[in-house]
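Student: Show me the folded form of this:
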Amino acid sequence: MTPLPEFAAPFSASLPLWLVRPGADGPALPEGLAASDRTWALAQGFAGTAGQLCLLPGEGGVIAGALFGIGPQADPASRPARERYSLAKAAETLPEGDWHLANAPEGFDPQLGALGWLFAQYRFTRYKQGKTPAARLVCPEGVDADRVVALAAGEYLARDLINTPASDMGPADLEQAARALAARHGARISVIEGQDLLAQNFPMIHAVGRAGAQAPRLIDLRFPGEGPMLTLVGKGVCFDTGGLDIKPPSSMGLMKKDMGGAANVLGLAETLARLGLTAGMRLRVLIPAVENSIAGNAFRPGDILTSRKGLTVEINNTDAEGRLVLADALALAAEEKPAVLISMATLTGAARVALGPDLPPFFCDDDGTATAVQRAGRDNADPIWRMPFWEPYESMIEPVIADLDNAPGGGFAGAITAALFLRRFAGEDATYLHFDIYGWQPVAAPGRTKGGTGQGMRAILNALPEILK
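Tutor: This is a model prediction of the structure:
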């Protein structure tokens, strides 16, 4: 796991970082700024635009501080999430040293600013050494440092798992990552592997993963705690060739990230455990870990699989395998009747077509729960968007010769039909949410290096007090 960054210890040698917004007649320079620094900033053309940096000179040519533009204030309900990572850009551009916030302009959220700073420190260096930003931040006054570090820990874990190629992150390796998490936090872990999946009635997990070099498995983590039950189910397809309906090279290049759902639920569990929140709930994490490969025993188009729940599924495309492994895991989860059941998966290209890589859709029948989760995502720079379990489309997933179709034809509403498929296995006792995430940052941005990324974790975390009752 990538080492977590630390906040700098408060001491007198840290340099002041002034946050500035643009004004109607120039930058809105803070009142505490020295007159000489004001003159210098204006002479340098500093305007307070988002991401603009102006280093302040001291005696003897040393740096005495810096001004950093965070852009105009906006309504928090409409402000894009990327603006909330303003300090991430500062962390990446400031010179080495310890810095403290000298001011906090109206509308600036220091908790999110500190989180963005720590996110900016992430570098995936398992295979190639990289330079981590050297500027360190003194934790701003009023910020819960332990909470920010715990959020960063979950994000770092998710990024590390997604970024690791399938050569080092197959089903067995994903199991080891889960075992390491369990060991860190005193959780119990059990794993059902290979032929035992058939013996214990997980036929679809076995069918999807049986052609892989590593045996398919179901990873089951339970954290010690008392209270309402929260079950997280994450898609753990460690590589997806598409199976016999093989993907073209252009679609296969990023398929190491097809276990992004598993990475996200493990990252969320990491944060919950670090914050001590698992003590007040019964947290269970289920991960069906497989590789969708091609071999003589691969499952085929036209096959009929019988699921753990007893529903039969016609295979019309072996590249729609994620919903199959999730279905068996969801059926197991539903048997215990949790209060809240959440699935996370890099499931459909249709979700990306609809909303792009930055805005994952989620599905939930309960309006109160959906509102709480979407609001928590908005307020914590973790944008998500609700889409419907549109029941008139149920007929699209019902073929002639089986109960369900894993890949309806026609090309319409692919994200919705996939969500409807999963809902058939989630039971009726739990409040069910499904997140169709992308799990990947296509272009580097402040606080988000190109590569694996967490999505939906902070939205869920911050909504739990309202939805887990």
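Student: which SS state does residue 283 fall under?
Tutor: strand (DSSP: H, G, I helix; E, B strand; the rest coil).
Student: roughly how far apart are the closest residue to it other than its chain neighbours and residue 275?
Tutor: The shortest distance from residue 283 to any non-neighbouring residue, by CB to CB, 6 or more residues apart in numbering, is to residue 223 (4.2 Å). To be clear about C-beta, it is placed using only N, CA and C from the backbone, and glycine gets the same treatment. Separation of residue 223 from residue 275 (CB to CB, to the nearest Å): 12 Å.
Student: circling back: residues in contact with the residue nearest to residue 283?
Tutor: Residues near residue 223 by CB atoms under 8 Å, 6 or more residues apart in numbering: 185, 186, 187, 269, 272, 273, 278, 282, 283, 284, 285.
Student: Now do the strands in the stretch 351-469 of the chain.
Tutor: All strands of the stretch 351-469 of the chain, identified by DSSP state E, counting those that start in this stretch, fall at 361-364, 385-387, 404-405, 431-436, 440-441, 451-452.
Student: Identify all contacting residues around the last one.
Tutor: Read it as strand 451-452. Contact partners of strand 451-452, identified using CB under 8 Å, 6+ apart, comprise 124, 158-163, 257, 260, 263, 439-441.
Student: Read off the pLDDT value for residue 378.
Tutor: Listed pLDDT for residue 378 reads 92.
Student: How about the one 10 residues further on?
Tutor: The predicted local distance difference test score for residue 388 is 98.
Student: What of residue 83?
Tutor: On the pLDDT scale, residue 83 gets 58.
Student: same thing with residue 172?
Tutor: 98.
Student: Tell me the spacing between it and residue 198.
Tutor: 19 Å.
Student: And the contacts of stretch 171-180?
Tutor: Looking at what lies outside stretch 171-180 - CB under 8 Å, 6+ apart - the contacts are 1, 157, 161, 164, 169, 189, 191, 209, 212, 214-217, 219, 221, 236, 238, 259, 262, 266, 285, 287, 289-291.
Student: Quick one, which of these are buried?
Tutor: Among the contacts of stretch 171-180, those buried by neighbour count (16 or more other CB atoms under 10 Å) are 157, 161, 164, 169, 189, 191, 209, 212, 214-217, 219, 221, 236, 238, 259, 262, 266, 285, 287, 289-291.
Student: Count residues in the vicinity of residue 433, would you?
Tutor: 27 (other CB atoms under 10 Å).
Student: on that earlier part again, filter the contacts of stretch 171-180 down to just the ones in strands.
Tutor: 189, 191, 217, 219, 221, 236, 238, 285, 287, 289, 290, 291 (DSSP state E).
Student: what's near enough to touch the last one?
Tutor: Shown in contact with residue 291 (CB under 8 Å, 6+ apart): 166, 170-171, 209, 211-214, 216, 237-240.
Student: Can you tell me how far it is from residue 298?
Tutor: Taking CB to CB, one finds residue 291 at 11 Å from residue 298.
Student: Also the third one?
Tutor: Residue 217 sits 17 Å away from residue 298 when distances are taken as CB to CB.
Student: Excluding chain neighbours, give the residue nearest to residue 294 in space.
Tutor: Here the residue nearest residue 294, using CB to CB, 6+ apart, is residue 241, at 5.8 Å.
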